[in-house]
Each structure stands twice: as C-alpha cells, then as structure tokens.
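*Asks:* Sequence and predicted model, in that order:
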Amino acid sequence: MRRLLNLLILTFFLVAFPILVYSETIDVLIKGVDDGVKTNKQQDYKEAVMNAKLEAIERAGVEITSITKIVNFKTKYDKVESKAKAALLPGFQIMDMGYQSDGTYTVVLSGKVQVGKGAKDRAKNRKQAIQKEIATIEARLATIEETIDEAERQYEYGLRRAEGKYDLSWDACGKGRLKGMEDCYYRAIQTIKADKRGLKRQHDRDLAGLPEESRHLRLKLSDLKLELAQYTSDTE
C-alpha cells in the first residue's frame, strides 16, 4: 500500500509538474531591440524589453510562434510578460543602452532562465544555425573587402594616368609661344578635371553601397558572435 501510494505521488508530480523533473537553469545575456520605428522613448524601450524577453522565453524551450503573430502591442506585451514570469528567474536585470546609431532602441537582459526538456537540443540547433550564418557573413565581408580594395586600386591608378597623360613641357605644349603655352595648360587642366570626375563616378558605381553593406554586416556579425558565446556556454 505504501509502495502504491509513493508510486501515485510520483506519477502526480511527473504529470502535474514536469518542469521539476526536466528543468534546469542557464545564464543568459540577451540583446533586445525595438521594431526600428521611432515613436517615443517609453514605447521603444518597452518594445526592446519585450524583444529580449521573447528570446529568453524561447531559450527556456517555450514555443513563441503564436506570440510573435499577435499584432496588438498591448496583448502581445501582456502575453510575453506572463510567459517571462514562468521562464525568467527573479533577479534578472535590464541594461538600458538607449538609441543606437542605426536608430534602434537597445537593451541587454542578463539573468537566468529555467529550461525544460528539449531546450538543450534547440539550443544546439540554434548554435549550429548561428555558426552557419556567421560563416556566410564572413565570406560576404571578405568578398566586399576584395571588391573595395580593387576599386580603390583602379581609382588611384586612373588618377595617376589622368595626371600624367599630358606632356606640359614648353617645347611639347607651348611650342615656344607664351599664348600657346597658356592655352595648352588650360585645355589640359580642364581635360584632367573631366577625366577625374569620370573616374569618381565610375569609382562610386564600383562600390555601389558596399561600405554601407559592410557596416551593417559587421553589426550583425557582432550580435551573432555575442549570441553564439551565450549558446556555447548553454550547450557545453
């Protein structure tokens, strides 16, 4: 009878409180950003915090697809807060980083989350996905750097050619006449200026926004490496 009672109690806890059996805690350091649409500081801050808590919830092994599909901000915010209370352990901190250079409002959440069964596998899968994305970005950055370096070399070479194209010596240009020399200099200078303008236009076309793309990719790469470090500590 006692054995049966113990078995019933154990079964009850397994069914009613599975988190007690499968749960553990992991440290998290999560960057949260708003939607990028500047409204007011209070609203943008709440959006950034909600974004960070959404990722914390996902780290805990909770499916967030249904939450992310909610359009109404207040409903979504309340839902996230409710789920976060179950996942985030008390004592977590929100570091307010404010508006960034790209216009987004940013916070950093640090603390511990309670994870359930399967969260380790999901963390491992996410880690692999991050590593793959990092490799893709680094390859693209390498290509961009090569393209920019080549464009700069071509531009500098073109400038040197433009400046050295004309023989402005007295004999070659002026042919012994002062007036002829002045006219020759004027035509040469105007032609060189026109050539340089053409080179600059070609240089801009060759770059075609690559420096800006490189800047955004480096910011993304920084965020991914920060997240990867977190997932690495979670899965080791």
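*Replies:* Thanks, I have the structure now.

*Asks:* drop to CA atoms for contacts and neighbour counts, all remaining ones
*Replies:* Will do.

*Asks:* Quick check, pLDDT for residue 33.
*Replies:* At residue 33, the pLDDT value in this model is 91.

*Asks:* wait, it sits on residue 43?
*Replies:* No. The pair residue 33 / residue 43 is not scored as a contact, 11.7 Å apart, by Cα atoms under 8 Å.

*Asks:* which stretches of the chain have low pLDDT?
*Replies:* The model of the chain has pLDDT under 70 over residues 1-23, 116-123, 166-181, 230-236.

*Asks:* mind listing the strands for the chain?
*Replies:* Using DSSP state E, the strands of the chain run over 24-33, 93-99, 105-115.

*Asks:* show me what contacts the residue nearest to residue 159 when sequence neighbours are not counted?
*Replies:* Excluding the flanking residues, the one nearest residue 159 by Cα to Cα, 6 or more residues apart in numbering is residue 196, at 6.4 Å. Taking Cα atoms under 8 Å, 6 or more residues apart in numbering as the criterion, residue 196 is in contact with 158-159, 162.

*Asks:* Give me the more crowded residue out of residue 33 and residue 43.
*Replies:* residue 33 (24 against 13; other Cα atoms under 10 Å).

*Asks:* Against residue 209, how distant is the more buried one?
*Replies:* 25 Å (Cα to Cα, to the nearest Å).

*Asks:* Please parse this protein into its domains.
*Replies:* The domain map for the chain lists 2-117, 135-217, with the assignment taken from automatic domain parsing.

*Asks:* can you list those domains in CSV and add distance to residue 127?
*Replies:* As requested, those are exported to CSV (distance: least, Cα to Cα, whole Å):
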stretch, distance to residue 127
domain 2-117, 12
domain 135-217, 12
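
*Asks:* which of those sits most buried?
*Replies:* domain 2-117 (a mean of 16; mean count of other Cα atoms under 10 Å).

*Asks:* so how far is that one from its chain's centroid?
*Replies:* Put simply, domain 2-117 sits 21 Å off its chain's centre (Cα atoms, centre = their mean, to the nearest Å).

*Asks:* now swap in stretch 190-205 and tell me
*Replies:* 35 Å.
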